[in-house]
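Provide a 3D model corresponding to the input given below.
(chains A and B)
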2 protein chains.
Amino acid sequence: MAEVAELAGVSISTVSKVANGSADVGEETRARVAELLQRYEYVPRRKRRTFLTVTVLVRDISLATNVEFLAGAMAEAQSQRVQLALEQHKDDEPEEGWIEQFTPQVTRAVIALSSALRAEHHEQLASRGIPLIVVYPQDTENLVAPSIGATDWAGGVSAAKHLLSLGHSRFAMLAGPHHTLVARARLSGFRDALESAGAPLAPQHVVEGTFDYESGIRQALELLRGPDRPTAIFAASDRQAMGALEAARRLGLRVPEDLSLVGFDDIAPSSMTAPPLTTVAQPLKEMGALAITMALSLIENQPLAVRDAVLTTSLVVRGSTGTPPA
Amino acid sequence: MAEVAELAGVSISTVSKVANGSADVGEETRARVAELLQRYEYVPRRKRRTFLTVTVLVRDISLATNVEFLAGAMAEAQSQRVQLALEQHKDDEPEEGWIEQFTPQVTRAVIALSSALRAEHHEQLASRGIPLIVVYPQDTENLVAPSIGATDWAGGVSAAKHLLSLGHSRFAMLAGPHHTLVARARLSGFRDALESAGAPLAPQHVVEGTFDYESGIRQALELLRGPDRPTAIFAASDRQAMGALEAARRLGLRVPEDLSLVGFDDIAPSSMTAPPLTTVAQPLKEMGALAITMALSLIENQPLAVRDAVLTTSLVVRGSTGTPPA
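The predicted model follows:
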C-alpha cells in the first residue's frame, strides 16, 4: 500500500479508501490508484483466495458438453473463492508460442477441456510451476498430466441393456471418430453387451462419423435407407442423436414409434428435442467441480485422491425410446 | 522482483528464472516464488494486458444465449490480451454483500449478462472504480450503466414479414414474460407488422409464458388445441420454439407442412432440431465482443462510441417455415 501511495503520489489513507471502495476519492485519483493496486495485486488477507486464478482452456465453448462442465467448475470455483478464467486456442492445435502466455502471474493451474495439448505443452506448463489437468484424455498411455473422464464403456453397455429390455433385436450404432478413446469405448461397451445378450452388432450396422449433428444426419440416413433397417440406434453423442431425429423426420419415421434412439452426454438441448432424448448422461457438472478441486490440490502441493478420475455415467430415459414396431 | 526474492529468501536471478519459466529451479522453491509472483502480480512489460481482468457475470451459464455471447467475448478478450473471468450469483438476486468481492485487485470491469444487478449494485461497483456494462437491459429508464441490446422490435417485424410473404394469414405468438423489455418489444414488432399488413393478431392468439422449452410446450398446446388454429407461430425465444416443435409432434402436426414456426435468438441448438428452426438471429457473438471493447474503453477512461448500443437482428431461414397448408 505504501508503495502504491508513493507511485501514485497520494497518501496511504487514500490508497486504503480506494482499496475498500470508499466513495470519497476523486475520479482521476481513484482510477490511477486502482490501476496500481491491480498491477501489484494488493491482497486483503480475508479475501486471499479470490486472487488465485485457475484457467479453463476450451477449444469451442459453444459445445454444450463444455458448457455443462463449465457450469460445474464455476459453482465450485465460486464456493472455493477461486477466480475462474477462460481461454481458447484458435485452431485444432495451439499455435507456436501460445503456451507462453501462461505464467504463474496469470494463472496457477490450467484445466484443458477437449483440447489438443500434448505432452510437450504439459512440460512447458510444468516447468513454470503451473499444473495441468486434462479432461477427456485422448491418449492415456502417453499422458503425463492427471485426468478426468467418464465411464464411456459402461455407458455403452447401459444403452444396450435399455434397448434390449424394451424388446429390440435390430440395432445400429452411430459411432464417433475411431481415433478418439471415448468413441471407441462407447462403441465397445454397446457391442460387447449386445454380443453377451446373443444379439451381435453386424459390421454394416456400425457407421463411423464425427460427434456433430450433420454427421448424425448422414450416418442415420445411411443406416435407415439400408437393408435390414434397425429399430434401435445408439449414437455416440447427443448431437449425433439429434441428427438422427432429423434423418427420421426426413424419411417419415416416427420416434419412438418406428425407431428408438439413445444419445450420449445429456447436454442441455437433449431434453428439449421432439421427443426429448433418452441418453447416457455424463456427470459433466461433477467433472467440472472435480477439476477445480484437483487444481487446488496440485497448487497447494497436496496429493490427489485419484490421479486419473473416471466418473460414472447413468442412463436417463426420456421420450425417444420405446418398444419396437410390431 | 527484488521484493519477491527477499520474501522468498532466494536470489533475484532465481525469481527471474521462475518468472520466465526456466526449468532449472527446485520444485519447492519454484512453488514458493510462483505464489509470491502471483500475489504481487509481477508484470513483464511486453505482456501487460494479459493481467487486466474483465469479469462476465452470468446467472445461468447453461443458457445457450449466454454461451454464444461468451464465445464472442472470449475471442475478443483473447485478441486484446485481456483475461476473461466468469462469475455467477446463485439466486435471482445477488445475496447481501456479494458485490463486495469485486475490487480493483480482482477485476477491472464487470459485464452483467441477463443479471439482476440494480442501480445500487452499479453504484457500489462505481465507487470502487469498476465500470459495469449491462447486457439485455431490463429497465432503460433507471439504467445508469452503459448497455448492449439488440433490435428486438425490428426482429419481431422481420418474423411477421417472413410469415406474411409465405402466404400465412392465421398467426399466433408465444410471448415471453411481459415484465421484460425484450419480450414486450418482440411481441410489439410482430403485432405492429401484422396490423400494418391488414392481418391483426387476435388477443386470444397471444399467449404469455417464460422463455423456456416447457413454457413453449404449454403455450403451443393451448394455441394448437384452441379454436381457429394458427398456421404460423412466432416464439419469443428459440427454446420456446423448440417446445412448440414438441407440442406439434404430440398433436401429430408436421412442421413446416401443417405449421410454420419462427424462433428468436439463433442459439446453437436451433440449427440442430428436426427440422432446423427459422429464427430471428441476435448478433450474440458481436454483442460479446463489443462488451469487451466497451469495458476496455471505460477502464482506460476513453469515451464510448455509443453508450447504449443496440445491435441489429437478422432473419435466418431454415426448415421450420413454409407455405400454409392448403
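
do you know how far A:Ala2 is from A:Val15?
The gap separating A:Ala2 from A:Val15 is 8 Å, by Cβ to Cβ, to the nearest Å. Backbone N, C-alpha and C define where each C-beta goes, glycine included.

quick one, which of those two is more surrounded?
Each of A:Ala2 and A:Val15 has its neighbours counted (other Cβ atoms under 10 Å in any protein chain shown); A:Val15 has more, 25 against 8.

tell me which element that one is part of?
helix A:12-19 (DSSP states H and E).

if you average the pLDDT over that helix, what comes out?
Helix A:12-19 shows a mean pLDDT of 81.

can you name the next helix or strand after that helix?
helix A:27-39.

quick check: next helix or strand after that next one?
Following helix A:27-39 in sequence, per DSSP H and E, is strand A:53-58.

can you tell me the SS state at the residue nearest to the spatial centre of chain A?
In chain A, the centroid-proximal residue (Cα atoms, centre = their mean) is A:Asn66; its distance is 3.8 Å. On the three-state scheme (DSSP: H, G, I helix; E, B strand; the rest coil), A:Asn66 is labelled helix.

who's the nearest residue to it once chain neighbours are set aside bridged to?
Leaving out its chain neighbours, the residue that sits closest to A:Asn66 by Cβ to Cβ, 6 or more residues apart in numbering or on different chains is A:Val58, at 5.1 Å. In this entry, A:Val58 is beta-bridged to A:Gln88, A:Leu113, by DSSP bridges.

isn't A:Val58 right up against A:Leu86?
Yes: counting by Cβ atoms under 8 Å, A:Leu86 is a contact partner of A:Val58 at 6.9 Å.

thinking again about what came up before, I'd say the residue nearest to the centre of chain A and A:Ala73 touch.
No: in this structure, A:Asn66 is not within contact of A:Ala73 by Cβ under 8 Å, at 10.1 Å.

picking up where we left off before, check which helices and strands the helix holding A:Val15 is in contact with.
In this structure, helix A:12-19 packs against helix A:2-8, helix A:27-39, with contacts taken as 3 or more Cβ pairs under 8 Å, 6 or more residues apart in numbering or on different chains; DSSP states H and E.

C-alpha coordinates for the last one, PDB please?
The reference is to helix A:27-39. The C-alpha trace of helix A:27-39 is given here as PDB (Å, rounded to 0.1, in the frame of the first residue of the first chain):
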ATOM      1  CA  GLU A  27     -12.400  10.100 -10.100                       C
ATOM      2  CA  GLU A  28      -8.900  10.500 -11.600                       C
ATOM      3  CA  THR A  29      -7.000   9.700  -8.500                       C
ATOM      4  CA  ARG A  30      -9.200   6.600  -7.900                       C
ATOM      5  CA  ALA A  31      -8.500   5.300 -11.500                       C
ATOM      6  CA  ARG A  32      -4.800   5.800 -11.100                       C
ATOM      7  CA  VAL A  33      -4.700   4.100  -7.700                       C
ATOM      8  CA  ALA A  34      -7.000   1.300  -8.800                       C
ATOM      9  CA  GLU A  35      -4.700   0.500 -11.700                       C
ATOM     10  CA  LEU A  36      -1.700   0.400  -9.500                       C
ATOM     11  CA  LEU A  37      -3.500  -1.800  -6.900                       C
ATOM     12  CA  GLN A  38      -4.400  -4.200  -9.600                       C
ATOM     13  CA  ARG A  39      -0.900  -4.300 -11.100                       C
END
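
relative to helix A:12-19, how tilted is that helix?
Relative orientation of helix A:27-39 versus helix A:12-19 (axes from the mean of the first three to the mean of the last three Cα atoms, to 10 degrees): 80 degrees.

now the strands: where do they sit in chain A?
A:53-58, A:83-88, A:109-113, A:132-135, A:147-150, A:171-175, A:206-208, A:232-235, A:260-265, A:278-281, A:308-311, A:314-316 (DSSP state E).

so what's the residue count around A:Ala119?
12.

again with A:Arg307
11.

that one is in contact with A:Pro146, isn't it?
Yes: applying Cβ under 8 Å, one finds A:Arg307 in contact with A:Pro146, separated by 4.9 Å.

what average pLDDT does stretch A:76-95 get?
pLDDT averaged over stretch A:76-95 gives 82.

buried stuff in it?
Buried residues in stretch A:76-95, counted by 16 or more other Cβ atoms under 10 Å in any protein chain shown: A:76-78, A:80, A:82-89, A:94.

got it, and stretch A:213-231?
Buried-residue list, stretch A:213-231, by 16+ other Cβ under 10 Å: A:213, A:215-221, A:223-224, A:230-231.

mind putting those residues in a markdown table, pLDDT included?
Formatted as a markdown table, the buried residues of stretch A:213-231 follow (pLDDT from 0 to 100):
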| residue | pLDDT |
| --- | --- |
| A:Tyr213 | 97 |
| A:Ser215 | 98 |
| A:Gly216 | 98 |
| A:Ile217 | 98 |
| A:Arg218 | 98 |
| A:Gln219 | 98 |
| A:Ala220 | 98 |
| A:Leu221 | 98 |
| A:Leu223 | 97 |
| A:Leu224 | 97 |
| A:Pro230 | 97 |
| A:Thr231 | 97 |
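
circling back to that earlier point, spit out the residues that contact A:Val58 and A:Leu86 alike.
Here A:Val58 and A:Leu86 share the contacting residues A:Leu70, scored by Cβ atoms under 8 Å, 6 or more residues apart in numbering or on different chains.

for the closest residue to A:Met1 other than its chain neighbours, give its distance to B:Thr278.
Leaving out its chain neighbours, the residue that sits closest to A:Met1 by Cβ to Cβ, 6+ apart is A:Val15, at 5.1 Å. Distance, A:Val15 to B:Thr278, using Cβ to Cβ: 57 Å.
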